[in-house]
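Visitor: build me a model:
(chains A and B)
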Amino acid sequence: MSTATTTHASVARRDQPPMLVAGPIAWARANLFNSVWSSLVTLALSYFLIKYAISLIDWAFIKSVWTVPTDPATGRLDPTACRVAKEEGGACWAVIWDRYRFILFGRYPFDEQWRAAIVVVLFLGLYVVSAMRRFWRAELALIWIATLTAIGVLMWGGVLGLRYVPQDEWGGLPITLILATFGLAFAFPIAVLVALGRRSTSLPAVKLLCVVYVEVIRGVPLISLLFMASVMFPLFMPADLNPDKLLRAQIAIILFAAVYLAEVIRGGLQALPKGQYEAADALGLSYWKKTFLIILPQALRLVIPPLVNTFIGFFKDTSLVLIIGIFDLLTSGKVAVTEPIWQAFSTEVYIMLGLIYFCFCFSMSRYSRGLEREFGQSVRR
Amino acid sequence: MSSTSTDPRLSEPRRAPAKGLTLSWSDPRLRAIVWQVVIIGLIAAGIWYLVDNTAANLEKARIATGFDFLGRTAGIPVGEYLIPYDPAVNTYGRAFMVGVLNTLMVSVVGVVLTTLLGTFVGIASLSHNWLLSRLCHAYVEVMRDVPLLLHLLFWYAMLLTLPTVREAMELLPGMFLSNSGLRVPLLVWEPAHSWALLAFIAGWIGTYLAQRRARRMQNATGERPRVWPVAVVAMLLVPLAVWLVLGAPFTMEMPVRSRFRFTGGGAITPEFMALMIGLVLYHSAFAAEIVRSGIQSVPSGQWEAAGALGLKRSVTLREIVLPQALRVIIPPMTSTYLGVAKNSSLAVAIGYPDLVSIMNTTLNQTGQAIEGIALIMAVYLSISLSISLFMNWYNARIALVER
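Guide: Numbering: from 1, shown residues only, chains lettered A, B, ... in the order given. The predicted model follows:
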């Protein structure tokens, strides 16, 4: 009901109070109960929401067990309290309390896990710095190189008095972050070249190669590439030169990610007005000067939001390395609950893993949406 | 031009610059050819190097090559199959076919359910009801920000914590849910049912034709003949009559509970259920976003104009907005469908015997990794290509016809 009619009605019949047009009740009337159907939906949804919220809180907080005592006879943890809680419909968070170091850092030597923790913090810092627009210039590449080197030193050790930790002892969250970040860092230049190659008019053979590469990789699941990396790659290489499993998976992920990034970048190249290309040609710039000084800086800026979305997808896809037995976050969570005393409590661990992935992906998607809005404004203006 | 002219530039006709290839680095065409030769040469050399290594490695490891292994007896136990399969007698080729069919079934069911749930959530997230739209947004965020593999592991673990067969939950009479999956009553199929089904399909085609005729008449005369009586008769009464005339057979095969397992009835395994729940929940979040943004891309003037004509909101959505939104929705929806088909390969993590899981066992047993992976890739490439072709055809059909 519009304001005008409300005033009119209230003038006409002074014995009734005017209809509310502001305040919580009016809001509820407009947004929750504006028709019979809407009211029914609201009531049904609230009923289920309240019912499930209560049982969820009951499960997670009220009937749950947070720590379990150590059994003095064996010196091990005694999960009896958790079993009882499970019978009564409560969560057993003690499994997280006991195993969180293993879930986060896998089989990395226990005393050296502070290094893995610093690596995670470095990665987070790198993401935050890369997300800030004031750092979007050439120096960002230097920051990336420096941080990734520091991460390599911390993970491997062997210098600066750090103990050497071989690659097959790495695990957990650092592996997930390494696969995703190094994947992005190496896939990105390949993706730019493939996108340029696919739009090339003077090099038909190169264009054909790029098209075949993109279409084949896009048509097959990532798993088949990971299988290829784990069982076929050793056959491709000379017997004495065999990179380890993590590197092989990393190569597969790079090849996979490059294709999806290339398609996004190609979209940016296509969206750029033709005048930019022609103006650069008119200035007599060579192809590479034209591309790196005029075209790419504008085209990449256009596609930053979809690039972030692609990165989110491919951050989640790194979890697929579980299938070829690499110790990423998901694998270490899955292995943590194979321990006999915690076998019945996988739900709690999976929920924690889900929360970790959710925090990463949700913040990235919020960021991408914010950028989109910001860029949209400048285009509209 | 007069012959008395003394200017030599005018006496000779001006020619365009030479078209022939000059052997100079400043000729862009020569550069293009040289670059292409170099790049192709490098790639060919790389491939030759890999092939050479592979041949040497295969010989050293005494691994056979070729597809002969497909004819050998497989001995792979497979839990679920659409075509008869017995590990003791059937070949790897048969196991491969079982895998392909399972993958296809998961993809088709997954695509259909994803579309239904995604469309529903996408439309509901635009509802004027604040609670409903908030809930749909929350659903989308939670479902798509968790890796699919985690979804699968989580739902599989949840299904395995269900009560045992002895304490199975009876959801509906004859429908049991336990940690060995879902058991449902199954209709005993008889010829009468086939005939009734045939009559139903004929009725469906008839209704479609009647609808087309109705539309034609509406376009010509402005009056639309009723279609629903035709639909009721053709799709409901005639099949029912056929079924009654043939003796109206109706026996349900009920699942019978014994101590440790069920016998009879139809079974849905926990692996299949977990795979379906995970795939559909994950992808429907993406589908919902696609539907939502597609509907939002239709200018609000269309809603207002339809409202001014006195159309209800539901009719406006169905007849005015969705047909326009579909043009925006179809291309990204195609990639979601491709995603469902490709991600069904994650079934290997929870032990559902899809193509990848069967081929994985095969290549572990035979050692013929190259052939196995080539087969996997070939099948997925064909599936992807078929989905793309179909969706392109559909997209072209609904595209705006500009006059």
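
Visitor: what's the local residue count around A:Ala249?
Guide: 25 (other CB atoms under 10 Å in any protein chain shown). Using the backbone N, CA and C atoms, a C-beta is placed for each residue, glycine as well.

Visitor: contact partners for it?
Guide: Contacts for A:Ala249 (CB atoms under 8 Å, 6 or more residues apart in numbering or on different chains) come out as A:Leu179, A:Leu226, A:Ala229, A:Ser230, A:Val321, A:Ile324, A:Ile326.

Visitor: now B:Pro331: closest residue in space, sequence neighbours ignored.
Guide: For B:Pro331, ignoring the flanking residues on the chain, the nearest one in space by CB to CB, 6 or more residues apart in numbering or on different chains is B:Asn395 at 6.6 Å.

Visitor: can you give me every residue that contacts that neighbour?
Guide: Counting by CB under 8 Å, 6+ apart, B:Asn395 makes contact with B:Arg327, B:Ile330, B:Pro331, B:Thr334.

Visitor: out of those residues, which are buried?
Guide: By neighbour count, with 16 or more other CB atoms under 10 Å in any protein chain shown, the contacts of B:Asn395 hold B:Ile330, B:Thr334 as buried.

Visitor: so which of the contacts of B:Asn395 are in helices?
Guide: B:Arg327, B:Ile330, B:Pro331, B:Thr334 (DSSP state H).

Visitor: now do the contacts for residue 110.
Guide: Let's take chain A. For A:Phe110, the contact set (CB under 8 Å, 6+ apart) comprises A:Arg101.

Visitor: can you look at chain B instead?
Guide: B:Met276, B:Leu279, B:Val280, B:His283, B:Val340, B:Ala341, B:Ser344.

Visitor: in TSV: those, plus secondary structure and neighbour count.
Guide: Compiled in TSV, those are given as follows (DSSP: H, G, I helix; E, B strand; the rest coil; neighbours: other CB atoms under 10 Å in any protein chain shown):
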residue	secondary structure	neighbour count
B:Met276	helix	19
B:Leu279	helix	28
B:Val280	helix	24
B:His283	helix	25
B:Val340	helix	26
B:Ala341	helix	23
B:Ser344	helix	29
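
Visitor: wait, is B:Arg318 part of a helix?
Guide: Yes: counting by DSSP: H, G, I helix; E, B strand; the rest coil, B:Arg318 falls inside a helix.

Visitor: pull the number of nearby residues for it.
Guide: B:Arg318: 12 surrounding residues under other CB under 10 Å.

Visitor: and it, what does it touch?
Guide: Taking CB under 8 Å, 6+ apart, one finds nothing in contact with B:Arg318.

Visitor: could you do B:Gly266 as well?
Guide: Per CB under 8 Å, 6+ apart, neighbours of B:Gly266: B:Arg183, B:Val184, B:Pro185, B:Leu186.

Visitor: so what's the residue count around A:Leu293?
Guide: A:Leu293: 12 neighbours (other CB under 10 Å).

Visitor: what comes up buried for the helix or strand containing B:Asn392?
Guide: For B:Asn392, the host element (DSSP states H and E) is helix B:369-398. By neighbour count on 16+ other CB under 10 Å, the buried set for helix B:369-398 is B:369-377, B:379-381, B:383-384, B:387-388, B:391, B:395.

Visitor: repeat that for stretch A:276-290.
Guide: Going by neighbour count (16+ other CB under 10 Å), the buried part of stretch A:276-290 is A:Ala280, A:Leu285, A:Lys290.

Visitor: need the helices for the stretch 251-381 of chain A, in chain order.
Guide: Under the criterion DSSP state H, counting those that start in this stretch, the stretch 251-381 of chain A contains helices at A:274-282, A:287-289, A:296-302, A:304-317, A:329-336, A:346-380.

Visitor: what about residue 320, how many neighbours?
Guide: Went with chain A since none was named. Number of residues near A:Leu320 (other CB under 10 Å) recorded here: 28.

Visitor: could you do chain B instead?
Guide: Using other CB under 10 Å, B:Ile320 has 18 neighbouring residues.

Visitor: element containing B:Leu177?
Guide: Element membership of B:Leu177 [criterion: DSSP H and E] is strand B:175-178.

Visitor: same check on A:Thr74?
Guide: Here A:Thr74 is assigned to no helix or strand, by DSSP H and E.

Visitor: so for it, what's the pLDDT?
Guide: For A:Thr74, the pLDDT comes out at 73.

Visitor: distance check, B:Arg183 against B:Met273.
Guide: Separation of B:Arg183 from B:Met273 (CB to CB, to the nearest Å): 12 Å.

Visitor: torsion angles phi and psi at A:Cys92?
Guide: phi -120, psi 90 (degrees, to the nearest 10).

Visitor: for the closest residue to it other than its chain neighbours, give me its contacts.
Guide: Counting by CB to CB, 6+ apart, the nearest residue to A:Cys92 once its immediate chain neighbours are dropped is A:Cys82, at 3.7 Å. Applying CB under 8 Å, 6+ apart to A:Cys82 gives the contacts A:Val65, A:Val68, A:Cys92, A:Ala94, A:Val95, A:Ala344, A:Phe345.

Visitor: between these, which sits nearest B:Phe250?
Guide: Closest approach between these and B:Phe250, by CB to CB: A:Ala344, at 43.6 Å.

Visitor: re the thing from before, nearest to B:Val315, of the contacts of B:Gly266?
Guide: B:Val184 (36.4 Å).

Visitor: tell me the pLDDT of that closest one.
Guide: Looking at B:Val184, the pLDDT reads 81.

Visitor: bridging residues for it?
Guide: Bridge pairing for B:Val184 (DSSP bridges) gives the partners B:Gly266.

Visitor: hmm, B:Glu253 and it touching each other?
Guide: No: in this structure B:Val184 lies outside contact range of B:Glu253 using CB atoms under 8 Å: 9.9 Å.

Visitor: overlap of the contact sets of those two?
Guide: By CB under 8 Å, 6+ apart, the residues touching both B:Val184 and B:Glu253 are B:Gly265.

Visitor: quick one on the thing from earlier: tabulate the contacts of B:Gly110 (CSV), appending distance to chain A.
Guide: Below are these laid out as CSV (distance: CB to the nearest CB, whole Å):
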residue, distance to chain A
B:Met276, 17
B:Leu279, 13
B:Val280, 17
B:His283, 12
B:Val340, 11
B:Ala341, 8
B:Ser344, 8
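
Visitor: now A:Val165, what's its secondary structure?
Guide: coil.

Visitor: which residues does the closest residue to it other than its chain neighbours contact?
Guide: Nearest residue to A:Val165 in three dimensions, chain neighbours excluded: A:Gly157, at 5.3 Å (CB to CB, 6+ apart). Each residue near A:Gly157 by CB under 8 Å, 6+ apart is listed here: A:Glu112, A:Arg115, A:Arg163, A:Tyr164, A:Val165.

Visitor: one more: B:Met273?
Guide: B:Met273 neighbours (CB under 8 Å, 6+ apart): B:Trp155, B:Leu159, B:Gly181, B:Leu182.

Visitor: wait, the second one sits on B:Asn179?
Guide: Yes: in terms of CB under 8 Å, B:Leu159 counts as a neighbour of B:Asn179; the distance is 6.7 Å.

Visitor: the residue nearest to A:Leu296 when sequence neighbours are not counted: which element?
Guide: Among residues not flanking A:Leu296 along the chain, A:Val192 sits closest, at 6.9 Å (CB to CB, 6+ apart). Assignment of secondary structure by DSSP H and E places A:Val192 within helix A:173-198.

Visitor: number of residues surrounding residue 303?
Guide: Defaulting to chain A. 20.

Visitor: wait, chain B
Guide: 17.

Visitor: quick check: it is in a strand.
Guide: No: counting by three-state DSSP, B:Trp303 is not part of a strand but helix.

Visitor: tell me the contacts of it?
Guide: Contacts of B:Trp303 by CB under 8 Å, 6+ apart are B:Thr316, B:Ile320, B:Val321.

Visitor: on that earlier part again, how about the helices of the stretch 251-381 of chain A in TSV, adding mean pLDDT?
Guide: Formatted as TSV, the helices of the stretch 251-381 of chain A follow (pLDDT from 0 to 100):
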stretch	mean pLDDT
helix A:274-282	90
helix A:287-289	87
helix A:296-302	85
helix A:304-317	88
helix A:329-336	89
helix A:346-380	84
